[in-house]
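Visitor: coords please:
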Amino acid sequence: MSIINRNSKTTSYFSLQYLLAGVWNPERIKTVEFEKALLESGLDFSQINVAEKGFTLNRSQPSQLQVKIESPGPQVTTLQVISQNPQYDLGMFCRDAEAVTESFQRTWPADHYQILTMTGKIHHLYSSQTHAFKYLWENRLGQVSSDFQALGRRPVAGGGLRLLMPPHSVEGAAPVSIELRIESFLRETNKLFVETVFTWPRPQVINKGETFEPQQAMEAVEQFAANEVWNFISERLDSGQ
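Guide: Residues are numbered from 1 along each chain as shown. This next block holds a predicted model:
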């Protein structure tokens, strides 16, 4: 039996962010129109926080959802959809993200939208039969616990790996850079925390009548995390694979 249980996977975070060229209209009347468009799409937000260069909408039921629109710099706008500790699956998050992007297009219509970068992020947790860092260090990396004596014989409560993969295209798909964090979950040390981040750096244009297609992006992140990342976690470096 594997020390890390693949079937124990739970999702603790979804997010999708678009960096758009251009400036959006921050007038209150437009944010009200945006909220109305969201409500017509089935998304009801109970709280709005307005700042000088943006605003944030928050919802707690039926699953936590946050929508942020802001202008972080000259001539750029970010549109971000976040679900912390989601009580639903990826499919429902993508449905909400589609409603957000379509409502954005209805509220701030344009002949085309230029997406400078797009970033999707997912957090997974896996259960382990032992301390998750012990598994990473000894079972996955083939190291020994005595290595840490060089650090002054201090106890090591946790740790992990961080991997950065530069933009790369596979089988003709759009180039994507990938960042991974694989580490012990400090609040529950028998859980392994995995963060998978995809960033599409190549600008793309969404023409009038087209959609942002958030589901396609998020499913790419999920599939990579559930397959390639899992294979990396579960295979020993000295296994010859």
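
Visitor: please make it C-alpha for all contacts and neighbour counts, starting now.
Guide: OK.

Visitor: in the lowest-mean-pLDDT helix or strand in the chain, what counts as buried?
Guide: Every helix and strand in the chain was compared by mean pLDDT, DSSP states H and E; the lowest is strand 47-51, with a mean of 90. Judged by neighbour count using 16 or more other Cα atoms under 10 Å, the buried positions of strand 47-51 are 48, 50.

Visitor: what helices or strands is the longest helix anywhere in the chain leaning on?
Guide: In the chain, assigned by DSSP state H, the helix with the most residues is helix 90-107. Judged by 3 or more Cα pairs under 8 Å, 6 or more residues apart in numbering; DSSP states H and E, helix 90-107 is in contact with strand 4-21, helix 28-40, strand 76-84, helix 214-224.

Visitor: tell me the angle of the next helix or strand along the chain from it relative to strand 4-21?
Guide: Once the chain leaves helix 90-107, the next helix or strand it forms, by DSSP states H and E, is strand 112-128. Interaxial angle of strand 112-128 relative to strand 4-21 (axes from the mean of the first three to the mean of the last three Cα atoms, to 10 degrees): 160 degrees.

Visitor: contact partners of stretch 174-183?
Guide: For stretch 174-183, the external contacting residues (Cα atoms under 8 Å, 6 or more residues apart in numbering) are 132-133, 136, 158-169, 192-202.

Visitor: weed out the non-buried ones from these.
Guide: Those of these that meet the buried threshold are 132-133, 136, 158-160, 192-201, by 16+ other Cα under 10 Å.

Visitor: restricted to strands, list these.
Guide: Using DSSP state E to define strands, the subset of these located there is 160, 192-200.

Visitor: before we move on, back to that, and the least confident helix or strand of the chain with helix 28-40, angle?
Guide: 150 degrees.

Visitor: which residues touch the very next helix or strand once past strand 47-51?
Guide: Next in sequence after strand 47-51, counting helices and strands by DSSP H and E, comes strand 54-59. Contacts with strand 54-59, where a contact means Cα under 8 Å, 6+ apart, come from 26, 44-50, 64-71.

Visitor: flag every buried residue along strand 54-59.
Guide: Judged by neighbour count (16+ other Cα under 10 Å), strand 54-59 contains these buried residues: 54-59.

Visitor: and stretch 110-125, by the same measure?
Guide: Buried residues in stretch 110-125, defined by neighbour count with 16+ other Cα under 10 Å: 113-125.

Visitor: for residue 21, state which of these is nearest.
Guide: The nearest member of those to residue 21, counting by Cα to Cα, is residue 114 at 5.6 Å.

Visitor: which of the contacts of strand 54-59 are buried?
Guide: 26, 44-45, 48, 50, 64-71.

Visitor: and which of those residues is nearest to residue 6?
Guide: Of all the buried ones among the contacts of strand 54-59, residue 6 sits closest to residue 64, with 25.3 Å by Cα to Cα.

Visitor: who does the residue positioned nearest the centre of the chain bridge with?
Guide: Centroid check for the chain by Cα atoms, centre = their mean gives residue 121 as the closest residue, at 1.3 Å. Residues in a beta bridge with residue 121, per DSSP bridges, are residue 15, residue 197.
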